[in-house]
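Trainee: no FASTA, just this:
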């Protein structure tokens, strides 16, 4: 005997099914009583949910009883009432496991009713065993099949809702940072607070910002950027981000492969935009080959300004580092010495200790640098120090243009 084709049910099966159907109200009540004894079913049985649970159980049982009477055919696609239950569960934040528990409880109540209907009628005593076997086999198979479709539909609905939320957030963010949205944007994130804009490269989708948000006591907003492994994000909180907070940001160690570019702290709606654009600039600098996994705008603001106009930056380097722009070993040593000299506040003794040579060697190298440049180091300190910072970046390929967040495809049937 099978339970997946028409004609499997007998006349006796249909008769028992009709007797059970007459008790459907009683069976649903029994299901609710059983659910009331289960802790995991609490989301289904509190006063606000009880009517919806009754409807879910009734629909599940009614179709199953009809199939018991008409042919014991299992569903080949998701029954409408199962899809409705899955969508309702997602909308009310009820887990798939909880709805599946409801179905299994309904199954138990139905089996009790089937057992009573078979055994209470003496005329069926001869075929009692066969009736019980056919009913049990079908009910288990039917419940399992419906739970299978329930799980598929629940996950499909969860993904649809996530896509819908992601699209709504992305549209709101684009409108906000471009100035297209004049009113209050539809964001699950408060704008009247202090913000840190972030550009996240996260090829492994390891969510590197969640630990940082927890450490800073900040709310996190993320939207997908144009590239699948890149996101735009904001960390926001009511109190300002202090120096120690930014120190914690710089000490952050993202998961392998992930990189963060972070804007300066800024407040309010304007700060939301400003910190974001600073994070984009920091990301451009990082994309030039910077080794750091965390790049803070305040540390690379000069480089960011220069990269906005690469041709002008090239001309600036050619002018300021004339005589120090070669790739030979001697020229590279002089550039290293000049950088160490600036980093040591132009103190020759500190410079010597920093790079491990004598003060006399430092003095000789500084004279050689001035001879090559044709000017005093002190007179051009700001320009020379900036040029040394820019040289490793300008020598590489140009930065990618900033991208807009990708707008996830609108769910079927939704407005675009």
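Mentor: Received, thanks. Just so you know, these numbers come straight off a predicted model, no measurement behind them. Numbers count the residues shown, from 1 in each chain.

Trainee: tally of neighbours for the closest residue to residue 259 other than its chain neighbours?
Mentor: Nearest residue to residue 259, sequence neighbours excluded (Cβ to Cβ, 6 or more residues apart in numbering): residue 201, at 4.3 Å. C-beta coordinates here come from the backbone N, C-alpha and C atoms, glycine included. Neighbour count of residue 201, defined by other Cβ atoms under 10 Å: 20.

Trainee: by mean pLDDT, which helix or strand of this protein comes out lowest?
Mentor: helix 42-45 (a mean of 82; mean pLDDT, DSSP states H and E).

Trainee: mean confidence for the next helix or strand after that helix?
Mentor: For helix 42-45, the following helix or strand on the C-terminal side (DSSP states H and E) is helix 50-70. Average pLDDT, helix 50-70: 89.

Trainee: what's the answer for stretch 349-360, then?
Mentor: 93.

Trainee: find me the pLDDT at residue 226, would you?
Mentor: 69.

Trainee: i'd like the first residue to be 6 from this point on
Mentor: Sure thing, new numbering starts at 6, so read that last one as residue 231.

Trainee: which residues of this protein fall in strands?
Mentor: Assigned by DSSP state E, the chain shows strands spanning 199-206, 224-229, 235-242, 264-267, 271-272, 299-301.

Trainee: leaving out sequence neighbours, find the closest residue to residue 41.
Mentor: Counting by Cβ to Cβ, 6+ apart, the residue nearest residue 41 is residue 50, at 5.3 Å.

Trainee: next: residue 28.
Mentor: Nearest residue to residue 28, sequence neighbours excluded (Cβ to Cβ, 6+ apart): residue 118, at 5.7 Å.

Trainee: who touches the one you found in this structure?
Mentor: By Cβ atoms under 8 Å, 6 or more residues apart in numbering, the contact set of residue 118 is 25, 28, 31-32, 35.

Trainee: what subset of these is buried?
Mentor: Among the contacts of residue 118, those buried by neighbour count (16 or more other Cβ atoms under 10 Å) are 25, 28, 32, 35.

Trainee: please look at residue 26 and residue 72 and confirm they touch.
Mentor: No - using Cβ atoms under 8 Å, residue 26 is not in contact with residue 72; the gap is 11.4 Å.

Trainee: those two: which is more packed in?
Mentor: Neighbour tally, residue 26 and residue 72, criterion other Cβ under 10 Å: the higher count belongs to residue 72, 20 against 17.

Trainee: OK, contacts around that one?
Mentor: 78-79, 143, 147.

Trainee: redo that, cut-off 6 Å
Mentor: residue 78 (Cβ atoms under 6 Å, 6 or more residues apart in numbering).

Trainee: can you count the residues close to the closest residue to residue 300 other than its chain neighbours?
Mentor: Nearest residue to residue 300, sequence neighbours excluded (Cβ to Cβ, 6+ apart): residue 291, at 4.1 Å. For residue 291, the count of nearby residues is 23 (other Cβ under 10 Å).

Trainee: and residue 291, how far is that from residue 285?
Mentor: Distance, residue 291 to residue 285, using Cβ to Cβ, to the nearest Å: 11 Å.

Trainee: for residue 216, same thing?
Mentor: Applying Cβ to Cβ to residue 216 and residue 285 gives a distance of 23 Å.

Trainee: between these two, tell me which one has more neighbours.
Mentor: Neighbour tally, residue 216 and residue 285, criterion other Cβ under 10 Å: the higher count belongs to residue 285, 22 against 13.

Trainee: how much space separates the more buried one from residue 279?
Mentor: For residue 285 relative to residue 279 (Cβ to Cβ), the value is 11 Å.
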